[in-house]
Every structure is written in structure tokens, then in C-alpha cells.
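S.K.: Show me how the following folds:
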Amino acid sequence: NKTPEFVSRIAFEALLKLADPETKAGLHSEMIEQLPTELRSLAKNGTADEFSHTLNTYINGGDYQRFAVLDTIYQIDNEYVRPALINILKTAPLRPNYFQRFRHIFKLAEYRLDAEVFAIVAYRFEKEKAMYRSDSYGVHPVGGGYLRKRVYNYNPATGRYEEGGNEIAAELKRSESRIAYSSNTREYLRRRVWRSLKTLGELGDTEYVKMAVNILLQYSDADAEPVRQTTIYRWDRTNWTRISFIRNWDAYAGYLTLNHILYENSPRYELKENSKAWRCREPYKPGDPEPDVREEAFPQLWEQQPAQLLRLLLESNCRPVHHFAAKALGACPQFCAELDVTTVITLLNKPYEATVKLAFEVARHLYNPNEPDISLVLAVVNCTLDQVRAEGYRWIEEGSDRFLSHNNLIASLVLSPQPETRQFARQFLSSVTLS
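M.R.: Alright, predicted model coming up:
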């Protein structure tokens, strides 16, 4: 009997994990030979763009069986084929015939601890809605038509309508199913993401941080949603009065794994059992001051890898990620003390309050009034926080003679993107005699 496909995939992964470099190269070569003819040479020495173009042409030029090539490509996973796969994972719809391959690749990435692929697919599960609700009575499949969960056929012998099967379940069993990615499947996969991460964290495995970082970097400020408030009414049967309960939901409440990573130990957010979103704990409301305590899961693992926290501050475009990473990195004073001026300037230029505050605390120690670094001073007076800019103005006023000799600094102050800094420049220049 032929070995089931999923068994073959796992067996191949196990061989790769145990193999030496020479054996791995041989296994990858065998996989390349299984590719369609037009992809083989490109998988060995073509450019990533050529492979991507040819792959898309191949997939779109035939039936559902061609999509199986995506599994093979992930097994090869070299520098020529990986970029094309990454692009498909980021953009292809979670629909037939892609979804089955997404699911396979997700499970292999989970096994490999491939942080990049795991994070991309996990983010897609969070963002893309299910194709259909699992409790629906019917589904419109790709290509048209209508599938019913319960089919009733008239039996003339009994004169009654009798249940004749489940068209949805039957369709899902077909190798070329026209439906995929139900609401139950989506919920299972979303929760599986955190379960995998949590297992790593509980084992004290440093891979937890690498996997979590890649997931956090998927999110940006554009993922924020309007905050919501709902009111629930219940009857008090002792006096037959209606009692109202208000629930608040913050901007990122619907992203399960993001919240687990950032707020697993939070006093302000919670995930109730069977809930699909994190809600605010009373009395916290969106916009209230953040607590001073650390809120993330497995804080000790983050402190063991402060460079990963710095990576988040340098690369993330998501406010809650910055607030988490800045607070956690602040608990690593020795690492912060070793940051160079270029890195601190980059952090000062970020639009996030928590990151700018942390960067300025480091900048205080780097600043030398006798030999001021002009780029550092400009980063301070051009940052987004009023109180930090005020400190920069004070530096300039206290060393006015020294700063006036730097024409580039004066010009930069006058042309600053911050109106308060431009105003300071006018007042500063009018209060001194230019030489």
C-alpha cells in the first residue's frame, strides 16, 4: 500500500533534522527532481524572480493537483524557491485550492520552528475571515451552486421526507473540494498558534522569543480597529430589576496570539473561556494609563534575549509592540548602557512615546556637554515628545557658544519638522549675538 501523503511529509522532515549536510543536500536534490520540468533548473540555479514567475504560471495553468507543488517547494526551501513561496503565503487567498497547502506548510513550519513562515501563516489566520460558518445550513462553494448540511428527499413509499445526507461534509472529503477554511477550522488554527508558542515558553526554550518576535513583526498600526463598548443586561430575580454590565474592547482585542504574547499576565486585559477576543478588565478602559507592571508572557525569556527586544523597537510599526518592548528592554540596563549613538538616534526618531522615552534615558548618558554629538542633539530636539525636546533645548542653551559654531545645527533647527523647535530656534538666535 502507498504511504499516506502526510506520513511521507513528516518522515522527510525527520530525516532532514537528523541528516548531516551532505545527506541534506542529497534529499533536497531528490525533491528538486520531483518538480515539474519547467521548475527544476530554476530551483537549482535560477533567480528568485524567474522561479516565482514560472511557478505562478504553472499553478494557474491547470487543475487542483498542481497546487501540491507548494508542499514540495517548502521541502526544498533553498534561496531560489523560498522567496516565491513566501510571496504566495502572504498574498494567496485561504480558499481552495491554496488552503490545504497552507495547512500543510503551517504544520511543517511549526515542526521546524521556522519563525518566518510560521508567523506569516499565523497572521493570515488572524486576518482572513473563514470561507463559511461551520454552523451554517448551507454553503456557496467556489464555482457556484449551493451545498446543504441536511438534505431531505421525498420517499414515495412512506410519503415522508427523509434525511439524505450532508452535502457539506461530502464535499470536504473530495480531493478537489470547492470549500475550505471553515470558522471552526480557523478558530482551531488560531488557538493552535498560541498553544505551540506556550509549549516552548513553558519549556524555557529560547526559540519562544524568536517565534514570538516574528509574529509581533507582522502587525502594524494599520491593524488597529475601532475600540468597542458593549452593554449586557441581566435580570435580578430578587427584585425583578434589570442590571447592565459594560464591556470594553481595545483596538487589538481580536488578535488572539498577539494578546497572549503581550498581555498574558496583564491586569487590564483578559481572554474569557470560549471568547474570540480579549476584553478589558474592569475598571480599565481603552485610553487609560498603562500599568507599570510587566504584562507579557514569559518575561524571563525576553530578558535573556534583549537583542530581540531591540529588534522589535527598530523594525516594528505597531504601537502596543513598542510599548511592550520598551518596557521590557528597560529591565535590561546593562544592555541599554552598551547601545551606540546611531542606534539611540534611530530609536529617538520613532513615533512611539515609550520608545522615545527609553532612548532618551540612554541619550542622557551618551551626551557629553564638552564634546556634544550634533546628530544626537538634533534627534532629541526633533523627536515627538515635548518633555524630551525641552531637555534638548536646555542642552543647547547651556552650551550656546559651542553650538553656535555649528552652522549645520543652526540650519537644522530653523528647518525642523517640529514647530516648537523652529520657534525655539528663532528665540535662541534672537537672544545671542551671531558671530
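S.K.: can you list the weak-confidence ranges in the stretch 101-250 of the chain?
M.R.: Judged against pLDDT under 70, the stretch 101-250 of the chain has no low-scoring part.
S.K.: Give the closest residue to residue 224 in space, chain neighbours not counted.
M.R.: residue 251 (4.0 Å; C-beta to C-beta, 6 or more residues apart in numbering). Quick note: C-beta positions are derived from backbone N, CA and C, even for glycine.
S.K.: Where do the helices of the stretch 151-300 of the chain begin and end?
M.R.: Assigned by DSSP state H, counting those that start in this stretch, the helices in the stretch 151-300 of the chain fall at 167-173, 183-202, 207-216, 256-263, 299-303.
S.K.: any chance of the ones you listed in TSV, with distance to residue 419 and mean neighbour count too?
M.R.: Shown next, in TSV, are the helices of the stretch 151-300 of the chain (distance: least, C-beta to C-beta, whole Å; neighbours: other C-beta atoms under 10 Å):
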stretch	distance to residue 419	mean neighbour count
helix 167-173	60	15
helix 183-202	44	17
helix 207-216	33	22
helix 256-263	34	24
helix 299-303	37	17
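S.K.: Any idea which of those helices gets closest to residue 118?
M.R.: helix 207-216 (6.2 Å; C-beta to C-beta).
S.K.: quick check: angle from that closest one to helix 183-202?
M.R.: Following axes from the mean of the first three to the mean of the last three C-alpha atoms, to 10 degrees, one obtains 140 degrees for the angle between helix 207-216 and helix 183-202.
S.K.: what's in contact with helix 207-216?
M.R.: 113, 115-116, 118-119, 122-123, 193, 196-197, 200-201, 257-258, 261-262, 298, 301-302, 304-305, 308, 311-312, 316, 318, 321 (C-beta atoms under 8 Å, 6 or more residues apart in numbering).
S.K.: Work out the gap between that helix and the centre of the chain.
M.R.: Distance of helix 207-216 from the chain centroid (C-alpha atoms, centre = their mean, to the nearest Å) equals 9 Å.
S.K.: got it, and stretch 386-394?
M.R.: With C-alpha atoms, centre = their mean, you get 34 Å for stretch 386-394.
S.K.: list the buried ones in that stretch?
M.R.: 388, 389, 391, 392, 393 (16 or more other C-beta atoms under 10 Å).
S.K.: likewise stretch 107-122?
M.R.: By 16+ other C-beta under 10 Å, the buried positions in stretch 107-122 come out as 107, 108, 109, 110, 114, 115, 117, 118, 119, 120, 121, 122.
S.K.: what about it, start to end distance?
M.R.: 11 Å (C-alpha to C-alpha, to the nearest Å).
S.K.: can you list contacts of that stretch?
M.R.: Against stretch 107-122 from outside (C-beta under 8 Å, 6+ apart): 9-10, 13, 74-75, 85-86, 89-90, 102, 105-106, 190, 192-193, 196, 207, 210-211, 213-215, 217-218, 257.
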